[in-house]
Every structure is written in C-alpha cells, then in structure tokens.
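K.L.:
what follows is a predicted structure for the sequence shown.
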Amino acid sequence: MEAGIREVKNRFSEYLRRVKQGETLLITERNIPVAKLVPIRDNEQLPILTLMEQGIVSWRGGKPQGMASPPAIRSTASIAALVVEDRR
C-alpha cells in the first residue's frame, strides 16, 4: 500500500494496524517515495537485543547519559587533519 505523509500522519493508527497484519506501507512526499514501513518478522530480532543477550552491551532501563567528558585527543595534528586522515 502507498500513502502520502499527511495521510499517514492523520490515520497513523490505522496504517500501523495494517502493517502489524503483514502489509508494507510506502510513504510518499509529493508522489516521491521517502520511507517504507514494514512489519517485523517473528524470528527477526533487533540487533541491540542480540548484543544484550550475548552480554556485549547492557541497559539499565534508563535514557543513555552519554560520556561525562569528551575523550582526549593525543595528537599535534589539527582536528581537520585527523578527519582527512581518517577518511583515507
């Protein structure tokens, strides 16, 4: 099925129900596709959940706080030079 952004916004619950039932929704803006809403298959698991099960990451249920302070950069080169080097 296909619908414009405004239509999806106004009837989101209905479209979400249809996606849950297995349909795929192509969202358009001025008849140009901009997004696709697809159902998650039963056996498909979000990558983060897999990492949690493997013990690689953990989550205590709260909002991520980020780093207390930015990491120190130990270099005499400028940030721009480091970015250029990293992109090579």
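P.N.:
Received the coordinates, thanks.
K.L.:
Arg30: how many residues sit nearby?
P.N.:
When neighbours are counted by other Cβ atoms under 10 Å, Arg30 registers 7. Where C-beta positions appear, they are placed from N, C-alpha and C, glycine not excepted.
K.L.:
could you do Leu46 as well?
P.N.:
9.
K.L.:
can you check the pLDDT for it?
P.N.:
pLDDT for Leu46: 76.
K.L.:
quick check: phi and psi on Ile27?
P.N.:
phi -100, psi 130 (degrees, to the nearest 10).
K.L.:
for the spatially closest residue to it that is not a sequence neighbour, report the pLDDT, please.
P.N.:
Nearest-residue entry for Ile27: Ala35, 4.2 Å, with adjacent residues in sequence omitted and distances by Cβ to Cβ, 6 or more residues apart in numbering. Predicted confidence (pLDDT) for Ala35: 97.
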